[in-house]
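Asker: After the sequence you'll find the predicted model.
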Amino acid sequence: MGKRVVATDKELKWKKVDIPDTLDDFGGFYGLEEIDGVDVKVVNGQVQFIASEAQVKEEEESSESDFPDFDAMEQEDDGDVEEAEEEEEEEEDVAEADEPEVKQKQEQARVEQVDKGVDSEKHEDEKETPEDDLATNVFDIDVDLSDVGSGELPGWTDTVDLSMTTINGLSNLGFTEMTPIQKLSIPAALEGKDIMGKASTGSGKTLAYGIPIIEKMIKSKDNLRTNGIIFTPTRELAQQVTKHLQNVCSMLLKKSPYMILSLTGGLSIQKQERLLKYDGSARIVVATPGRFLELIEKNEELMKRFAKIDVLVLDEADRLLQDGHFDEFEKILKHLGRIRKSLKNMEYWQTLIYSATFSTDLFDKLANSSWKKKNNSKDESEMESVLKHLMTKINFKSKPMMIDANPEDKISAQIKESLIECAPLERDLYCYYFVTLYPGTTLIFCNSIESVKKLNAYLINLGINSFQIHSSMTQKNRLKNLEKFEAMASKNNHLGKPTVLIASDVAARGLDIKGIKHVVHYHLPHSADTYIHRSGRTARGDNEGVAVMICSPQEAMGPLRKLRRLLASKEQISKSTKNKKWQQTVPLLPIEIDILQQLRERSSLANDIAEHELASRSLRKDSNWLKQAADELGIDMDSDEEDKDIILAKNKNKKMNKTLDKNELKSMKAELTHLLKIPIRKDMRRSYLTGGLVNLADSLVKKRGHHNIIGHEKTDALNVLKKGKSNKKQKTK
């Protein structure tokens, strides 16, 4: 028997299978080929063919291809089917049963065009880096110095000793200087100390714990061992942390693409189990507790592997303070801790804990009017009291080093806060006013999923590019909507148009969405820590941003007053009097009444149409659900029986009252389309364009001024608030 070699499918000498004339299509196969005497092995997810030298083509032969790659064609077809299913799911959230107007069609076409661009880029990336295409030598962790740029980072290297891989990754990402939390925590983490770190949102906490793990991974001699596990509270944050660390280690990923692996729910567990078996995979794991617990309870060997880690990280660890949260995480610690104690000559892993909020007072419900503080001792700081609480749940190697990068400010100084006071039913109108007057990228937070859906439909009816993410959406749909939002935002920023992302608190923690200029709190959050994390989605890194609260008079007297007091610095509290009006510590956003009045009618129409869309869709779903339940039970569903149920009848009547008949809906849509074509004018000027203080004709011809409002200068919410603050200081002098 001749020498046997490893070959690819294209290098083998395949033989054609003759198809009999009596068969039309041979069961759907065309160009069928076969080969004998070849062994097949699967190594790290990659198929290898082991054949004799005589069965392998020469170089010239193997370069030619007589038949198309049917596997690739099947993958493309599967991709199209998945994409179609995704679009159908999204249409359930946004689309209307009736035929939309021409303008809405045009806007949808623009969104789809951007979406295709995003999807095509994704397919190109997949072609460039096939999922199962692993490099042969995954054990050589050293970088190829020929690939390394000449990036010098004295801002980093003067403080800590870092590997060439990390320095090059930081240089490519443009991180030339360390942030305060990174300066304080990275040197201590590299020494192996347990750390409890607090820093404001957007201050670089991911690299503060990520770089020490990367350095340990590079120096580790055992390339099959998991060096660190990072736990995050949400799936989106886990994906973001994974991408961030992969960007720093991009050179190492050429040799092992799955070195940094994300394990979250909402995605295929079978695929994750397969990837974990690859050589050199999961050196760093970023996970949500639920999926991680599911994986280790199914596989004892996996549990033993993860028990040998060097570093355990809890990102947004303050969630552990809330009773009922992270029961899975506590089970994980018990499983891994039990195995770790049984291992000889292995000390306990290093624990790193980071968050923007470490105060038990911040978790109190704002609706609760009680002002009582927690019973902490006089000499005990907030972080020390939190540490006591954490030590009942987490086993530390030693007493953690406490690092507070911003001891005074709970909200980043780069965030300018503001308040809009309005009636409870006018929140939609003021949201529309804000995004019209201050175009840019805006993230709006709502307390309920129904509010997210309704506000999204409302803004789309008004011709604004709006996207939504909430917890009842699938993980794929959430990530897809985030990609669509980012793509549309980059396009609209050049055109001076607003782009809006509406979210529930699923997006409040840790998510780093590029270019968010404004955060709007459609509802006041339930707790102060949620407000801090929501507001922290803007002013990331060195940028500045705006956080606006839309507040009713009832909220201003209770929850808002308590929120402002909890966020106040120690100095402000010490100077305050007993009857201090804390709700007045945040400046009001100036409102231009003439512009607001012009938006009121179109806002009312868009609101009625949005309510109709949601109500009619909900009625269809309820009806389908009841019919399906009746069919499964094998009983006949009678509409009279449904009406007898008081709760079902009330809900049905409530939704029916919000629906419109076809003629009324068509009339309202036509009226709204007409109103949207009428330009908004400052001071409601309709004639004498060359008169007055502002020459409107000149501004129109030269394309100067506001994109959406004729006669209005280009304005920015950040500058408006800065001017208001400087004017207030001058008056006090």
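Answerer: Noted; the coordinates are in hand. Numbers count the residues shown, from 1 in each chain.

Asker: how about the strands in the stretch 401-550 of the chain?
Answerer: For the stretch 401-550 of the chain, strands defined by DSSP state E, counting those that start in this stretch occupy the ranges 401-404, 415-421, 441-445, 465-469, 499-503, 518-521, 545-551.

Asker: For V17, which of those is the nearest?
Answerer: strand 465-469 (50.4 Å; Cβ to Cβ). From N, CA and C alone the C-beta is placed, and that goes for glycine too.

Asker: and among the strands of the stretch 401-550 of the chain, the most buried is which?
Answerer: Ranked by mean neighbour count, the strands of the stretch 401-550 of the chain are led by strand 499-503 with a mean of 28 (mean count of other Cβ atoms under 10 Å).

Asker: partners of it in the sheet?
Answerer: In the sheet, strand 499-503 lines up against strand 441-445 (parallel), strand 465-469 (parallel) (DSSP bridges).

Asker: can you tell which of those strands is closest to A7?
Answerer: Across the strands paired with strand 499-503, closest to A7 is strand 465-469 (Cβ to Cβ), at 46.6 Å.

Asker: now the closest one, how far from the chain's geometric center?
Answerer: Remark: strand 465-469 is offset 13 Å from the chain centroid, using Cα atoms, centre = their mean, to the nearest Å.

Asker: same deal with stretch 424-435?
Answerer: Relative to its chain's centre, stretch 424-435 lies at 25 Å (Cα atoms, centre = their mean).

Asker: Was I right to think R537 contacts V520?
Answerer: No. Between R537 and V520 no contact is recorded; they are 10.7 Å apart, counting by Cβ atoms under 8 Å.

Asker: so what sits against both of the two?
Answerer: L443 (Cβ atoms under 8 Å, 6 or more residues apart in numbering).

Asker: Relative to R283, how far out is P257?
Answerer: In this view, P257 and R283 are 12 Å apart by Cβ to Cβ, to the nearest Å.

Asker: These two - which one has more neighbours?
Answerer: More crowded of P257 and R283, by other Cβ atoms under 10 Å: R283, with 27 against 22.

Asker: on that earlier part again, in JSON lines: the strands of the stretch 401-550 of the chain, plus distance to M346.
Answerer: Output for those, formatted as JSON lines (distance: least, Cβ to Cβ, whole Å):
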{"stretch": "strand 401-404", "distance to M346": "22"}
{"stretch": "strand 415-421", "distance to M346": "44"}
{"stretch": "strand 441-445", "distance to M346": "44"}
{"stretch": "strand 465-469", "distance to M346": "41"}
{"stretch": "strand 499-503", "distance to M346": "42"}
{"stretch": "strand 518-521", "distance to M346": "45"}
{"stretch": "strand 545-551", "distance to M346": "45"}
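
Asker: how about TSV for the ones you listed, with distance to V160 and mean pLDDT added?
Answerer: Listed next are those as TSV, based on distance: least, Cβ to Cβ, whole Å; pLDDT from 0 to 100:
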stretch	distance to V160	mean pLDDT
strand 401-404	15	93
strand 415-421	29	95
strand 441-445	34	97
strand 465-469	37	97
strand 499-503	36	97
strand 518-521	33	97
strand 545-551	29	96
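
Asker: Can you tell me which helix or strand of the chain has the lowest average pLDDT?
Answerer: Here the helix or strand of the chain ranked lowest by mean pLDDT, DSSP states H and E is helix 70-94, holding a mean of 45.

Asker: Out of the strands of the stretch 401-550 of the chain, flag the one nearest V40.
Answerer: Of all the strands of the stretch 401-550 of the chain, it is strand 465-469 that lies closest to V40, at 43.1 Å by Cβ to Cβ.

Asker: who touches that closest one?
Answerer: By Cβ under 8 Å, 6+ apart, the residues outside strand 465-469 that reach it are 93-94, 107, 110-111, 236, 452-453, 455-456, 459-460, 478, 481-482, 484-485, 488, 492, 497-504, 506-507.

Asker: rerun at 7 Å
Answerer: Strand 465-469 is contacted by residues 93, 111, 452-453, 456, 459-460, 478, 481-482, 484-485, 488, 492, 499-503, 506-507 when judged by Cβ atoms under 7 Å, 6 or more residues apart in numbering.

Asker: which secondary structure elements does the lengthiest helix in the chain contact?
Answerer: Looking across the chain with DSSP state H, the single longest helix is helix 593-633. Here helix 593-633 touches helix 427-437, helix 449-461, helix 646-656, helix 662-677, going by 3 or more Cβ pairs under 7 Å, 6 or more residues apart in numbering; DSSP states H and E.

Asker: And the ones you listed, which one averages the lowest pLDDT?
Answerer: Looking at those, the lowest mean pLDDT belongs to helix 646-656 (a mean of 72).

Asker: Dump the helices and strands packed on helix 593-633 to CSV, plus mean neighbour count and distance to T165.
Answerer: Shown next, in CSV, are the helices and strands packed on helix 593-633 (neighbours: other Cβ atoms under 10 Å; distance: least, Cβ to Cβ, whole Å):
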stretch, mean neighbour count, distance to T165
helix 427-437, 23, 43
helix 449-461, 23, 41
helix 646-656, 12, 58
helix 662-677, 14, 53
